[in-house]
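In: 3D, please:
(chains A and B)
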Amino acid sequence: MDVLLTPDEWTAVYLSLKVAFWATFWSLPFAILTAWLLARTRFPGRGLFDGLIYLPLVLPKVVVGYILLLTLGARGFIGQYLDAWFGIKLIFSTAGATVAAAVVSFPLTVNAIRLALEAVDRGLETAARTLGASRLDVFVSITLPLMLPGVLSGALLAIASALGEFGATITFVSNVEGKTRTIPLAIYSATHMPDGDAMALRLTLVSIVLAFGALLLASLVDRRIRAMIGRA
Amino acid sequence: MIEIDIRLRRPGFTLEAAFAAPDAGITALFGRSGAGKTTIIQAVAGVVRPDGGRIVVKGEVYFDAAARIDLPIERRRVGYVFQDSRLFPHLSVEGNLRYGERRSRLALKPIGFAAVVDLLGIGHLLGRRPHSLSGGERQRVAIGRALLSQPRLLLMDEPLAALDEARKAEILPYLERLRDAMGLPILYVSHAVDEVLRLADVVVALRDGRPLAIGPVADVMSRPEILPVIGRFDVGTLLECVVSRHDGDYALSTLSFAGGELRVPQVAMPIGSAVRARVRARDVALALARPEGVSVSNLLAARIEAVRQQEGPYADIELVVGEVRLAATVTRESVDRLTLRPGLAVWAMVKSVAVESRSPDFGEPG
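Out: Okay, here's the model as predicted:
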């Protein structure tokens, strides 16, 4: 394996995949819940909530990272309790990098899932209820399977944006090798080293391969799901 | 008994309906679009909440505005068959059929899977996906799915409206079997006269959110006040008949009813079978003396019960033939020329009879 990449580079690749996977894994249930709230419910302050969700998409990523530092950092108003009560330190850690990636990718995920949810025929949900299914049962047995392609594309967007996350990560959790130095941060570091060109180029190629692989996997899974739910 | 007494107000529409439907057989909610038919069954299902009133099905209160009772949809145990079938696309036909069956809370399920599959002729479709089915097959699966949820009553919202004539003819016999085999009350929404005549036992005729007439199908569909619902072209009388003779030489059958006999093209039913014969008012002509030398073979001695002059060229005549009433439509000019009046004895010439237990319209040879 060392033929292709140096151990440092492998560390960055492995870390990127790990961060992207866990960021997506943890944000997906919240993204589904948020999409459901936005698509199906009316409550006071919904407009503000809607704007808040999409904020990380339009703000400079460095600003997002700085806000995370202010709130979740060692002296942040949430961060200090995380440390005092649970012993969780996000700063300079892989968990912090995961949080940064999750926050930045969240609006994209919510949006993809929300579109899929709005496309689900509500008549089918009513039919399911007349057949004896409770609201929760309807969501699990009808709504969720029918919006699965949207959840999948949301998850893919989340992984892609997490793999590419730079600004928020470097601002929030800095650039620590083996902990927060994902592929983009490693490329950035390489361009600052006297003979880092080869490393930057190899990691760039890895990024391209990963992106293509993800797209390929997504289209395969998407086709399977569409066939499964009868939309082929 | 299914007791419905609901009030509902929406912009531009008010529904005020109170009636009771029997515990078995098909009760048709009949009327034009916008009459409130679908809203009524949606209220029974719990999909629409009325502003006031009560809905009680076989003693169980589904809705009572005064007592603040509004049973959730999933606890009402209604089998709802939608116009657009609404099969779940991600499940197979069997998965769809089992969806409600699996969720039924009954320990002993009186409506069995095999019986329903057999009744509806869908055994060969079980492994298929809904998108690969024809419209008629889809609707049969939707009916099966509703039945297997072990409902206390079946709600059918124009289940044939989205189908062409051939598909309708394919499904109608299944609906008749369903009505006769299951002993389940059915509320059947329709705007089609022929469907109502063929399937219904009781009719609730609705107009602008209010019931116009309620009663046995033969009675309601013959009443003059439902003319605005049926339309002048289709208004007529339904006669409950028995097949009394077949005449093979001429390929004719004779039907007996409480007012006499009708000769119709041969019906493929044994002697003694009950059939419904429908005589449209515009197909009944009147003569003061027994007509001679006419080709019409159905001549009935009648007495005029009432004459109702309408605006426009026509008048509605109510006749009594033996023990039954028969509607006729003639021009107002004829009323004056023949001085038609209540009490007058006349001869009714019936130009065409439709036998409703078979689907096509059989015209009498002239």
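
In: quick one, phi psi at the residue most central in space within chain A?
Out: Nearest to the mean C-alpha position of chain A, by C-alpha atoms, centre = their mean, lies residue A:158 at 3.4 Å. The phi/psi pair for residue A:158 (degrees, to the nearest 10) reads phi -60, psi -40.

In: Any figure for the gap between it and residue B:256?
Out: Residue A:158 is 77 Å from residue B:256, where distance means C-beta to C-beta, to the nearest Å. Glycine gets a C-beta too; all of them are placed from N, C-alpha and C.

In: for residue B:195, same thing?
Out: 26 Å.

In: And for residue A:44?
Out: 72 Å.

In: Which one of the two is surrounded by more residues?
Out: residue B:256 (14 against 7; other C-beta atoms under 10 Å in any protein chain shown).

In: which stretches of chain A form helices?
Out: A:7-40, A:46-58, A:61-72, A:79-81, A:94-118, A:122-130, A:135-138, A:144-146, A:148-163, A:167-173, A:183-191, A:197-228 (DSSP state H).

In: quick one: which of those helices is nearest residue B:339?
Out: helix A:122-130 (58.6 Å; C-beta to C-beta).

In: CA atoms only for the closest one - export them in PDB, please.
Out: This file holds the C-alpha atoms of helix A:122-130, laid out as PDB (Å, rounded to 0.1, in the frame of the first residue of the first chain):
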ATOM      1  CA  ARG A 122     -50.100  11.900   0.900                       C
ATOM      2  CA  GLY A 123     -53.100   9.900  -0.400                       C
ATOM      3  CA  LEU A 124     -51.000   6.800   0.100                       C
ATOM      4  CA  GLU A 125     -50.500   7.800   3.800                       C
ATOM      5  CA  THR A 126     -54.200   8.300   4.200                       C
ATOM      6  CA  ALA A 127     -54.900   4.900   2.700                       C
ATOM      7  CA  ALA A 128     -52.400   3.300   5.100                       C
ATOM      8  CA  ARG A 129     -54.200   4.900   8.100                       C
ATOM      9  CA  THR A 130     -57.600   3.600   6.900                       C
END
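
In: the bottom helix or strand of chain A by mean pLDDT?
Out: Within chain A, confidence by mean pLDDT, DSSP states H and E is lowest for helix A:79-81 among all helices and strands, at a mean of 82.

In: Okay, buried residues for that helix please.
Out: residue A:79 (16 or more other C-beta atoms under 10 Å in any protein chain shown).

In: Please apply the same query to stretch A:100-118.
Out: A:100-114, A:116-117.

In: where do the strands sit along the stretch 101-250 of chain B?
Out: With DSSP state E, counting those that start in this stretch as the criterion, the stretch 101-250 of chain B has strands at B:153-157, B:186-190, B:202-207, B:210-216, B:236-247.

In: Turn those strands into a markdown table, including mean neighbour count.
Out: Shown next, in a markdown table, are the strands of the stretch 101-250 of chain B (neighbours: other C-beta atoms under 10 Å in any protein chain shown):
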| stretch | mean neighbour count |
| --- | --- |
| strand B:153-157 | 24 |
| strand B:186-190 | 26 |
| strand B:202-207 | 24 |
| strand B:210-216 | 17 |
| strand B:236-247 | 19 |
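
In: Flag the shaky bits of the chain, pLDDT-wise.
Out: By default, I'm working from chain A. Filtered on pLDDT under 70, chain A yields the residue ranges A:1-3, A:229-232.

In: um, chain B though
Out: For chain B (pLDDT under 70), the answer is B:232-233, B:357-366.

In: same for the longest helix seen in it, what does it pack against?
Out: Across chain B, the longest stretch assigned as helix under DSSP H is helix B:165-182. Where contact means 3 or more C-beta pairs under 8 Å, 6 or more residues apart in numbering or on different chains; DSSP states H and E, helix B:165-182 is packed against helix B:113-120, helix B:135-148, helix B:193-199.

In: now the first one, how far from the chain's geometric center?
Out: Read it as helix B:113-120. Computed by C-alpha atoms, centre = their mean, to the nearest Å, the chain-centroid distance of helix B:113-120 equals 24 Å.

In: Would you mark the buried spots in it?
Out: B:113, B:116-117, B:119-120.

In: which one is residue B:174 nearest to, not counting chain neighbours?
Out: Distance criterion C-beta to C-beta, 6 or more residues apart in numbering or on different chains; nearest residue to residue B:174, sequence neighbours excluded, is residue B:120 at 5.5 Å.

In: contacting residues around the one you found?
Out: By C-beta atoms under 8 Å, 6 or more residues apart in numbering or on different chains, residue B:120 lies in contact with B:140-141, B:143-144, B:174, B:178.

In: Of those residues, which is the nearest to residue A:213?
Out: Taking these together and measuring to residue A:213 by C-beta to C-beta, the closest member is residue B:141, at 40.9 Å.

In: residues from the stretch 101-250 of chain B in reach of chain A?
Out: Within the stretch 101-250 of chain B, the positions near chain A by C-beta under 8 Å from any C-beta of the partner chain are B:103-105, B:129-131, B:145-146, B:149.

In: Now a ChimeraX select for only the buried ones of those residues.
Out: Buried residues among those (16+ other C-beta under 10 Å), as a ChimeraX selection:
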select /B:103,104,129,130,145,146,149
